[in-house]
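Student: Mind folding the following:
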Amino acid sequence: MTNGLEDEDEGDRGLLSDRIRNALTDEITGGALPAGAALDEQQLADRFGASRTPVREALRQLAVSGLVEMRARRGVVVARITPERIMEMFETVAEIEAMCVRLATYRMTPLERSHLIELHEASEALVSRGDFDAYDAFNRDFHDAIYHATHNGFLAEQAIAVRTRLNGFRRTQLRQSERLRRSRDEHEAIMQAIAEGDGEMASRRMRAHMLNAATALRRFIETSKLA
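Tutor: Numbers count the residues shown, from 1 in each chain. As a prediction, this is how the structure comes out:
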């Protein structure tokens, strides 16, 4: 019984660190926490009613994605990332994702295709109820399934590494008006190309999907600055 309680505690801490990370991600990318702002572990722990352990894990994940920097004397501060840099990153990930879906279309197994279809179909309910956090989690799973369906381990590793740097911004762009619905519609078009075995079409649609996400992010940032 003791081990069970320990496992549950670890799971709770993991869920809490995810919630803290998501909240800070939204504040950083939305401009509420500007570049250079200090993030104190204890203050954040008090704010979220948590111990410092999940806060520390959340900050570590934010550092991996490049949203914060861990400095020797200043502690953790919000990183300075220009809009131009963000757009360059989206342009890069668009090409990588386009390559992944082209290979995946030709190489995925029937089981992998079935899994991708199940993920996509389940996302309709998330969009209908406007479940932003659940759709964000689904979106990562959807793209991960495509990476692994390439059956190219090195490419999948690179795709995940670049995606990790953009996780916060990919999450934030979903907040732009009607973006959840449009994102799913774009997934639908990609799925149709995969079903038809047209890797080139799937690639073009994936590239457009990622560039549309970049545009949605830019609009959200501009709106946030005007607010």
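
Student: distance of the residue nearest to the spatial centre of the chain from residue 216?
Tutor: Centroid-nearest residue in the chain, with Cα atoms, centre = their mean: residue 167, separated by 3.3 Å. Distance, residue 167 to residue 216, by Cβ to Cβ, to the nearest Å: 15 Å. C-beta here means a position set from N, CA and C on the backbone, and glycine is covered the same way.

Student: Then residue 181?
Tutor: Distance from residue 181 to residue 216, by Cβ to Cβ: 12 Å.

Student: going on from the worst-scoring helix or strand of the chain on mean pLDDT, what's the next piece of helix or strand?
Tutor: Ranking every helix and strand in the chain by mean pLDDT, DSSP states H and E puts helix 2-29 at the bottom, with a mean of 68. Using DSSP states H and E, the helix or strand that directly follows helix 2-29 along the chain is strand 38-39.

Student: nearest spatial neighbour of residue 90, skipping sequence neighbours?
Tutor: residue 214 (3.7 Å; Cβ to Cβ, 6 or more residues apart in numbering).

Student: if I pick that neighbour, what's in contact with it?
Tutor: 86-87, 90-91, 94, 173 (Cβ atoms under 8 Å, 6 or more residues apart in numbering).

Student: Just the ones of the residues you listed in helices?
Tutor: 86-87, 90-91, 94, 173 (DSSP state H).

Student: how about the helix or strand hosting residue 57: buried residues?
Tutor: Element membership for residue 57, per DSSP H and E: helix 52-64. By 16 or more other Cβ atoms under 10 Å, the buried positions in helix 52-64 come out as 54-55, 57-59, 61-62.

Student: Cool, thanks, talk later.
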